[in-house]
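K.L.:
The following comprises the amino acid sequence and a computationally predicted model.
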Number of protein chains: 2
Amino acid sequence: MQLAMTRQDDQANVELGELNDLLGFLVRIAQIQTFDQFFEAFDMQDLRPGEVSSLLVIGHNPCIRQGLLAQTLRIKPAQMSKLIRSLDKRRLVERIIPEDDRRSVELRLTRKGESVLDHYRPMLNALDPVQRGKLSEDENRLLKSLLRKLVGLEPGREERKQD
Amino acid sequence: MQLAMTRQDDQANVELGELNDLLGFLVRIAQIQTFDQFFEAFDMQDLRPGEVSSLLVIGHNPCIRQGLLAQTLRIKPAQMSKLIRSLDKRRLVERIIPEDDRRSVELRLTRKGESVLDHYRPMLNALDPVQRGKLSEDENRLLKSLLRKLVGLEPGREERKQD
DNA sequence: CGTAAATACTTTCCTGGGAAACAATCAACA
DNA sequence: TGTTGATTGTTTCCCAGGAAAGTATTTACG
């Protein structure tokens, strides 16, 4: 058997230059990698990242309005519309048109949605960089904290309280 | 004039739940934000992120092969093909078919490519979170360092040498 | 009340990026 | 040398996601 090494594989000595110091580039690489890992973990579950995060937020905020959900997850309203329609078709969420504003849509998890979420929730742990041996506990906590600060999100639990 | 505040704007008190602690989510938000900032800075320059990073890497690695460039930037070969074709059409890069392997393509910046790059390079600084007042110097350095570790990239300059 | 503007979501259309099939070239080896 | 298989890049086709226009409902105000 041959060494499956081609000239292409000397990726190591490509000089990245200022790219290696450009946050946007690093974030993009991290994004690709985390997405790959997601699809690896959720393989064949026909649940996509946006759907999982939508289910999570709906679960924590029953009767949240669709527009607010979209805004929270940085998903464009047009796309959220399709996404929710799909979740609705699969009976994972319930669309409620409130009487006091019939333009809007309120969202709740169905029983089925809750159980699906409970079932797949453990998989999220598999995505943890600590689990994957990429970072230490401290590094992981620090990284997330810095990212939250970068994007202007509220501090996580472990940063708010000291217990 | 009315307060442009609608019920939708109480985004602050949406409970993110475990999402707030999920690295993949934070990375996605950061990605969206850095992309927005890129397009803000490079507005109307018809240079897209992948094109800028390609130019940068080609500049630092003259005669790099197209496949290796794609692999380095995590851009799929099919897309790199179009991207390079576009840069070629605009005379920013030169495609060289080497005699010793006529399947492959070697890339160099043209004179025009170099000057375009030099001209827009300062804009990259505008994307720096320190410049934008989002992070301190130390936080920025730390964040990038952690991201590099997460994705398995070589440490940056400031981590290698201590001068 | 009635009309105009704002809001919330949806639909339509289009572009960018991915997967898979393809073409060209090179390497291996009888 | 000739044939098989691997490598490199390209083309084709398809789908997710974005922008803009459209629909329904509500609010503002004369």
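P.N.:
Arrived safely. Please read all numbers here as calculations on a predicted model, not as lab measurements.
K.L.:
Test my guess that A:V57 contacts A:L73.
P.N.:
Yes. Applying CB atoms under 8 Å, one finds A:V57 in contact with A:L73, separated by 6.7 Å. C-beta: built from backbone N, CA, C; applies to glycine.
K.L.:
Looking at those two, which is more packed in?
P.N.:
Neighbour count, other CB atoms under 10 Å in any protein chain shown: between A:V57 and A:L73, A:L73 has more, with 23 against 20.
K.L.:
if I look at that one, how far off is A:D46?
P.N.:
In this view, A:L73 and A:D46 are 19 Å apart by CB to CB, to the nearest Å.
K.L.:
Got phi/psi on A:E106?
P.N.:
phi -100, psi 140 (degrees, to the nearest 10).
K.L.:
got the contact list for it?
P.N.:
A:C63, A:I64, A:R65, A:Q66, A:R95, A:I96, A:I97, A:P98 (CB atoms under 8 Å, 6 or more residues apart in numbering or on different chains).
K.L.:
Run through the bridge partners of it.
P.N.:
Bridge pairing for A:E106 (DSSP bridges) gives the partners A:R65, A:I96.
K.L.:
Could you check the pLDDT of the residue of chain A found nearest DNA strand C?
P.N.:
At 2.3 Å from DNA strand C, A:G67 is the closest residue in chain A, using CB to the nearest atom of the strand. You'll see A:G67 listed with a pLDDT of 94.
K.L.:
List the buried residues for the helix or strand hosting it?
P.N.:
Using DSSP states H and E, A:G67 falls within helix A:66-73. Using 16 or more other CB atoms under 10 Å in any protein chain shown as the test for burial, helix A:66-73 gives A:Q66, A:G67, A:L68, A:L69, A:A70, A:Q71, A:T72, A:L73.
K.L.:
State the distance from the third one to A:V52.
P.N.:
According to CB to CB, A:L68 stands 18 Å off from A:V52.
K.L.:
Low-confidence bits of chain A, can you list those?
P.N.:
A:1-12, A:44, A:156-163 (pLDDT under 70).
K.L.:
near DNA strand C, which residues of it?
P.N.:
Applying CB under 7 Å from any atom of the strand, we find that chain A lies next to DNA strand C at A:2, A:65-68, A:77-78, A:80-82, A:84-85, A:95, A:101, A:103-105.
K.L.:
try 6 Å this time
P.N.:
Neighbours of DNA strand C within chain A, by CB under 6 Å from any atom of the strand: A:R65, A:Q66, A:G67, A:P77, A:A78, A:S81, A:I84, A:R103, A:S104, A:V105.
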